[in-house]
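1. after the sequence you'll find the predicted model.
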Amino acid sequence: MTHYQDDITATQALKQQNGASWDAIDPEAVARMRAQNRFRTGLEIAQYTADIMRRDMAEYDADSSVYTQSLGVWHGFIGQQKLISIKKHLKSTNKRYLYLSGWMVAALRSEFGPLPDQSMHEKTAVPALIAELYTFLRQADARELDLLFTKLDAARAAGDETAAEFIQSQIDTYETHVVPIIADIDAGFGNPEATYLLAKKMIEAGACAIQIENQVSDEKQCGHQDGKVTVPHDDFIAKLNAVRYAFLELGVDNGVIVARTDSLGAGLTQKLAVSHAPGDLGDQYNAFLDVEEISASDLGTGDVVLTRDGRLVRPKRLPSNLYQFRPGTGEERCVLDCVTALRNGADLLWIETEKPHVEQIAGMMDEIRKEIPNAKLVYNNSPSFNWTLNFRQQVYDLLVAEGADVSAYDRSDLMNVDYDGTELARLADEKIRSFQKDGSARAGIFHHLITLPTYHTAALSTDDLAKGYFGDEGMLAYVQGVQRREIREGIATVKHQNMAGSDIGDNHKEYFAGDAALKAGGAHNTMNQFG
């Protein structure tokens with residue numbers, strides 16, 4: 001027996017119990033509606049997807065070639081179309097997630113309009129987007145199953161038992177579009193209580209993985225901009241605990257916490273760490289401060305001083321009342337941040353880097369794995385990197401180290417279009433192509449994501465259409481560049497009424513009203529032009 005048949009049988013029994021007043025109820029219609037609504041709450045989704053992530057993490061530990069991937073999305077429809085595309089081209093959603101980017105929430109989803117990535121947007125926009133994404137993914141399930149039900153009815157009407165049996169097996173083994181979302185909570189939007197409250201809302205909406213960074217909440221900057229300010233480890237650990245308590249309170253005991261460190265590019269701290277003994281965590285944090293040795297007579301009004309190895313030192317404080325770290329300590333601080341986070345409840349790491357360089361990432365992960373052997377990274381394949389320039393420079397430097405002749409290239413001008421067809425460009429593109437595979441094998445990257453790719457693709461495709469439609473091409477720009485491609489490539493949105501649920505609604509009308517149903521999908525529906 002399958003869930004589908006079990007639901008038919010159970011509804012038949014319930015129908016008999018309720019007598020003639022339930023004569024209009026079709027048990028198979030009930031089974032279909034239940035199949036189309038597999039997940040009834042966000043917490044069910046959070047638990048289901050947490051189980052997936054934990055399984056994937058264990059599989060990666062056994063074999064680093066089975067890494068996971070995601071693309072950042074900023075609207076439910078974009079996330080839905082991404083998963084429909086994955087199922088169409090790759091036949092399975094296995095190891096493919098969604099990423100919810102705080103950057104895109106700020107830039108595209110705030111009631112204030114476009115905002116910089118500085119935690120100024122409404123924090124309620126984050127759980128709202130999680131809920132929206134899962135609404136659209138569940139609707140994708142309902143639509144795809146509805147198409148299978150229609151095929152099943154047609155096979156039965158034609159008396160084709162073999163076809164009907166095959167279609168029924170597709171229904172019984174149906175793979176959902178619902179996949180894990182790694183959701184960005186920025187720096188926690190306030191104190192640990194605020195972090196806990198927001199985390200609960202995110203989990204209730206369906207998030208199984210929450211990513212939190214070690215920046216100061218009220219000074220938060222985009223990870224690829226200047227002016228980042230970190231917090232002492234004890235402050236960050238309190239927020240890790242807040243997220244874990246939120247998971248535990250809601251019963252998602254295996255929820256995933258991604259601890260992000262921005263220390264590589266952050267040269268400032270808002271406050272000094274509390275230290276109780278030499279070498280403790282607070283002392284290690286403070287040891288990275290840029291200080292000057294002074295005597296008691298050098299003390300000025302309002303000075304803050306520390307003792308270090310019996311000496312009196314004064315941390316260098318900026319007019320902003322922030323303290324600066326010694327230059328060149330970023331990688332060491334990243335390693336300490338990561339080891340500390342994993343020892344205090346985090347499950348995965350995120351190191352925000354300034355360039356995509358496998359060996360740089362691996363150098364830090366090698367140190368981390370000396371302490372935590374199964375440490376794993378979530379890595380941002382960021383659009384903030386100029387990937388072409390970075391990898392052409394890496395290849396140029398590699399060729400120089402190998403003694404190759406690079407006289408045909410100007411390292412300061414490697415973005416020049418004249419280099420596009422060269423051997424250097426080909427080698428660079430090959431390194432870009434294999435970056436995820438190489439990073440997962442060498443640098444412990446379990447999950448590769450691109451934070452805001454669909455921001456760029458939306459702009460690019462709109463530019464293409466606007467350029468032609470408002471220019472000489474007119475309607476041909478849409479027909480040739482969009483509609484004809486949708487038809488030829490089997491893009492679901494070509495039948496946009498179906499995509500929006502019109503056929504599902506027609507079937508429901510028939511369930512509810514029988515032959516009296518006024519259906520939209522009749523002979524005069526122009527969607528019939530698309531076959």
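-> Arrived safely, thanks for sending.
2. which ones are touching K87?
-> 93, 175, 177 (CB atoms under 8 Å, 6 or more residues apart in numbering). Glycine gets a C-beta too; all of them are placed from N, C-alpha and C.
3. cool, T150 as well?
-> 503, 507.
4. can we see that at 10 Å?
-> Listed by CB atoms under 10 Å, 6 or more residues apart in numbering, the contact partners of T150 are 167, 503, 507.
5. which of those residues lies closest to L452?
-> D503 (33.2 Å; CB to CB).
6. the closest one and F112, how far apart?
-> Distance, D503 to F112, by CB to CB, to the nearest Å: 38 Å.
7. the two - which one has more neighbours?
-> Comparing D503 with F112 by other CB atoms under 10 Å, the one with more neighbours is D503, at 22 against 9.
8. angles on the backbone of the more buried one, please.
-> As for D503, its main-chain torsions (degrees, to the nearest 10) stand at phi -70, psi -40.
9. wait, it sits on L148?
-> No. Distance between D503 and L148: 12.0 Å, which falls outside the contact criterion (CB atoms under 10 Å).
10. which element is the residue most central in space within the chain on?
-> What sits nearest the mean C-alpha location of the chain, by CA atoms, centre = their mean, is Y99, with 1.2 Å. Taking DSSP states H and E as the criterion, Y99 maps to strand 96-100.
11. now do that strand: distance to the chain's middle.
-> 4 Å (CA atoms, centre = their mean, to the nearest Å).
12. so who does A58 touch?
-> N374.
13. that one: helix or strand, and which one exactly?
-> Assigned by DSSP H and E, A58 falls in helix 42-62.
14. in that helix, what counts as buried?
-> 42-43, 45-50, 52-54, 56-57, 59-60 (16 or more other CB atoms under 10 Å).
15. ok, of these, which one's closest to Y4?
-> Nearest to Y4 among these, with distances taken as CB to CB, is Y48, at 18.5 Å.
16. roughly how far apart are the closest one and F39?
-> Applying CB to CB to Y48 and F39 gives a distance of 7 Å.
17. between these two, what contacts are shared?
-> With CB under 10 Å, 6+ apart as the test, Y48 and F39 both reach 176, 178, 206.
18. quick one: L90 and R96 touch, right?
-> Yes. Here L90 reaches R96: they are 7.6 Å apart, a contact under CB under 10 Å.
19. neighbour-wise, which of these two wins?
-> Taking other CB under 10 Å, L90 and R96 do not tie; R96 has more neighbours (17 against 11).
20. grab the nearest non-local neighbour of that one.
-> Excluding the flanking residues, the one nearest R96 by CB to CB, 6 or more residues apart in numbering is I86, at 5.3 Å.
21. same deal with Y469?
-> A477 (4.3 Å).
22. tell me which helix or strand the one you found sits in.
-> Going by DSSP H and E, A477 is part of helix 475-478.
23. pull the longest helix from this structure.
-> Criterion DSSP state H: the longest helix present in the chain is helix 125-157.
24. check which residues of it are buried.
-> Buried-residue list, helix 125-157, by 16+ other CB under 10 Å: 125-146, 148-149, 151-152, 155.
25. quick one: contacts for H447?
-> 53, 56-57, 60, 67-70, 95, 97, 99, 180, 182, 209, 258, 348, 350, 376-380, 436, 440.
26. one more time with 6 Å, if that's ok
-> 68, 378 (CB atoms under 6 Å, 6 or more residues apart in numbering).
27. what's the helix or strand for it?
-> Short version, using DSSP H and E: H447 is in strand 445-450.
28. buried residues, the helix or strand just after that strand. List them.
-> Heading C-terminal from strand 445-450, the first helix or strand you meet, by DSSP H and E, is helix 453-469. Within helix 453-469, the residues that count as buried by 16+ other CB under 10 Å are 453-455, 468-469.
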